[in-house]
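Asker: below: sequence and its predicted model.
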Amino acid sequence: MATYEWKRGSRLKLDAQAIGQEVERMKDLGPITPARVVEEAKQPTSPFHNGFTWDVHQAAEERWADQARYILRSLVIVEVRGVSTPSTRALVHLGLLGDDDEDLDSQYHYMPDAVQNDKIRAALISNAKRDAYLFKHKYSVLEEVVEIILAIDRVLGS
């Protein structure tokens with residue numbers, strides 16, 4: 001039997017082993033889709049069940065917050081300087097820091113502004129290292145990115 005665990009940085013409070021086994025069971029019956037997971041989760045005995053917000057009003061508020069995050073992540077500023085190619089700046093999100101700093105967790109900043117603040121800069125560095133670690137583990141089976149993974153290992157000391 002396979003062993004399941006959550007990705008590093010995950011905040012899920014569900015039993016990863018039970019979820020993994022349920023996904024294995026479900027895949028034998030067809031493709032795994034979000035809609036199928038939601039259907040399974042509606043059953044109170046499902047290992048997915050406690051991972052969802054079943055209060056419709058609260059779920060709507062959470063969905064609207066997700067939509068607001070999507071809007072903010074999608075926004076860029078295009079700066080045209082002379083006749084050169086325009087440059088763009090996007091808002092950066094500081095979530096999933098691991099130190100439970102709720103203030104930073106819900107903030108978005110433009111990168112040039114963010115790097116001027118020591119606390120935000122430290123959070124960005126932490127996020128960059130986490131993203132490098134996740135990239136390494138996600139793509140380690142691809143020979144085409146072995147040089148990138150070796151560089152990540154050198155920087156992270158892995």
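Answerer: All right, it came through fine. Numbering: from 1, shown residues only.

Asker: could you use CA atoms for every contact and neighbour count after this?
Answerer: OK.

Asker: count of residues packed around residue 39?
Answerer: 12 (other Cα atoms under 10 Å).

Asker: also residue 70?
Answerer: Counted by other Cα under 10 Å, the residues lying close to residue 70 total 11.

Asker: that one: which element?
Answerer: Taking DSSP states H and E as the definition, residue 70 sits inside helix 56-74.

Asker: ok, now residue 134?
Answerer: Using DSSP H and E, residue 134 falls in helix 118-139.

Asker: CA atoms only for that helix, dumped as PDB, please.
Answerer: Written as PDB, here are the backbone C-alpha positions of helix 118-139 (Å, rounded to 0.1, in the frame of the first residue of the first chain):
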ATOM      1  CA  ASP A 118      12.500  44.200   5.600                       C
ATOM      2  CA  LYS A 119       9.700  42.000   6.900                       C
ATOM      3  CA  ILE A 120       8.100  41.700   3.500                       C
ATOM      4  CA  ARG A 121      11.500  41.100   1.800                       C
ATOM      5  CA  ALA A 122      12.100  38.200   4.300                       C
ATOM      6  CA  ALA A 123       8.700  36.800   3.400                       C
ATOM      7  CA  LEU A 124       9.500  37.000  -0.300                       C
ATOM      8  CA  ILE A 125      12.800  35.100   0.200                       C
ATOM      9  CA  SER A 126      11.000  32.500   2.200                       C
ATOM     10  CA  ASN A 127       8.400  32.100  -0.500                       C
ATOM     11  CA  ALA A 128      11.100  31.900  -3.200                       C
ATOM     12  CA  LYS A 129      12.800  29.100  -1.400                       C
ATOM     13  CA  ARG A 130       9.600  27.300  -0.800                       C
ATOM     14  CA  ASP A 131       8.700  27.600  -4.500                       C
ATOM     15  CA  ALA A 132      12.200  26.400  -5.500                       C
ATOM     16  CA  TYR A 133      11.700  23.300  -3.300                       C
ATOM     17  CA  LEU A 134       8.200  22.700  -4.700                       C
ATOM     18  CA  PHE A 135       9.600  23.100  -8.300                       C
ATOM     19  CA  LYS A 136      12.400  20.600  -7.600                       C
ATOM     20  CA  HIS A 137      10.000  17.900  -6.200                       C
ATOM     21  CA  LYS A 138       7.400  18.500  -8.900                       C
ATOM     22  CA  TYR A 139       9.700  18.300 -11.900                       C
END
